[in-house]
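Q: With the input below, show me the fold.
(one chain, ligands or ions: 1)
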Amino acid sequence: MLKIKEYVKAESLEEAYQLNQKKKSCILGGMLWLKMGSRTIQTAIDLSGLGLDKIEETEEAFSIGCMTTLRQLEKHEGLEKLTQGAIRQSVESIVGVQFRNLATVGGSIFGRFGFSDVLTCFLALDTYVELYHGGIIPLEEFAAAKKDRDILVRLIVKKTPVHCVYMSHRNTRTDFPVLTCAVSEDGRGVRAVVGARPGRAVCIRLEEDSLEGGLDGSLDAAAEGLAAQVTTGSNMRAGASYRSVLAKVLIRRGLCRLLEERGIS
Ligand SMILES: Cc1cc2nc3c(=O)[nH]c(=O)nc-3n(C[C@H](O)[C@H](O)[C@H](O)COP(=O)(O)OP(=O)(O)OC[C@H]3O[C@@H](n4cnc5c(N)ncnc54)[C@H](O)[C@@H]3O)c2cc1C
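A: Numbers count the residues shown, from 1 in each chain. From the prediction side, this is the model:
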């Protein structure tokens, strides 16, 4: 059971950050993951009074506050348009609507969960995290780093034009994924992100800068080359070799969809 000794509704990020430097303190997101564990939290820090539960749009980017829920992501028209539905698809198999009305972006990204659909999808976009102490860094750098006691203030998704496809494979509809995969192409090149390996999502880049002229080799060879760079493991949901086969299949489907969108087959 989770026990909380003291609850503080933070009045500023500085107050939240200072309180969180103590080992037994803990930032609260939607508490859906936290409540599954058994531990004693000395000071629980609630960020819900800081106006960080919104998605703000500027000409260059979407700024997603850490207390924004997964349901807000799912329903946001601007994100839907930028990602051709990929963000919506990445969250819609996560448990159910009531759950997604509570689970936060901050908890989902800061948790750096190996199984995360959310992390996988955002890694395929031009995404940055704003940390209270660490400043703005690329999501890829954040995802690979060790957990510390900083606060994730917001996610910043630049409006870099992108073609993006999101897929996951699940044994049953709303279970944790067996494998997650996002394939995208933007001005920075073509990338495949594979998560639930079962480790944390990793990002692999295709050697070709763009799919403009089709692929140099065959689609199979490209998918195989990318999938070969993904290390997989086994857990109760699937074995490593099955995941490796799935990685190739999902990456191939993703590349195929990107080529189709460009009218190249
Ligand atoms: C039963 C179940 C099934 C799930 N299935 C899936 C799934 O299929 N796919 C998927 O992608 N996810 C899944 N999740 C994860 C879920 O979507 C959320 O990512 C998770 O619950 C964390 O979000 P939260 O808001 O509940 O965070 P919390 O549980 O409140 O916090 C999680 C961690 O993040 C820290 N934290 C929270 N916010 C911040 C912040 N702003 N700054 C710094 N640290 C912070 C907390 O201290 C804690 O360590 C599942 C979770 C559960 C419980």
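
Q: burial count for the residue of the chain found nearest the ligand?
A: When distances are taken as Cβ to the nearest ligand atom, the chain approaches the ligand most closely through residue 107, which lies 2.0 Å from it. C-beta: built from backbone N, CA, C; applies to glycine. Here the count is done by other Cβ atoms under 10 Å, and residue 107 has 24 residues near it.

Q: do the same with residue 189
A: For residue 189, the neighbour count with other Cβ under 10 Å is 14.

Q: ok, now the one 4 residues further on?
A: With neighbours defined by other Cβ under 10 Å, the count for residue 193 comes to 27.

Q: try residue 130
A: By other Cβ under 10 Å, the residues close to residue 130 number 18.

Q: Residue 92 now?
A: Applying other Cβ under 10 Å, we find 19 residues neighbouring residue 92.

Q: for residue 93, same thing?
A: By other Cβ under 10 Å, neighbour count at residue 93 equals 17.

Q: sec struct for the closest residue to it other than its chain neighbours, please.
A: Closest residue to residue 93 in three dimensions, ignoring its sequence neighbours and counting by Cβ to Cβ, 6 or more residues apart in numbering: residue 174, at 5.7 Å. Three states are possible here, and by DSSP: H, G, I helix; E, B strand; the rest coil the one that applies to residue 174 is coil.

Q: Phi, psi for residue 174 please.
A: In this entry, residue 174 is assigned phi and psi values of phi -110, psi 20 (degrees, to the nearest 10).

Q: ok, residue 15 - contacts?
A: Residue 15 makes contact with residue 8 under the criterion Cβ atoms under 8 Å, 6 or more residues apart in numbering.

Q: need the residues of the stretch 1-150 of the chain near the ligand, please.
A: 26-34, 36, 47, 66, 94-95, 103-104, 106-108, 110-111, 113, 115-118 (Cβ under 6 Å from any ligand atom).

Q: With the stretch 151-265 of the chain instead?
A: 151-152, 176-177.

Q: Tell me which residues of the strand or helix carrying residue 245 come out buried.
A: With the criterion set as DSSP states H and E, the secondary-structure element containing residue 245 is helix 240-261. Neighbour-count burial for helix 240-261, with 16 or more other Cβ atoms under 10 Å as criterion, is recorded at 243-244, 246-255, 257-259.

Q: ok so, going back, can you check the pLDDT for the residue nearest to residue 93?
A: Per-residue confidence (pLDDT) for residue 174: 94.

Q: I figured it hits residue 96, correct?
A: Yes - between residue 174 and residue 96 there is a contact under Cβ atoms under 8 Å: 6.6 Å.

Q: Around the closest residue to residue 30 other than its chain neighbours, how many other residues sit close by?
A: When the adjacent residues along the chain are set aside, residue 30 lies closest to residue 102, with 4.0 Å between them (Cβ to Cβ, 6+ apart). The number of residues packed near residue 102 is 15, by other Cβ under 10 Å.
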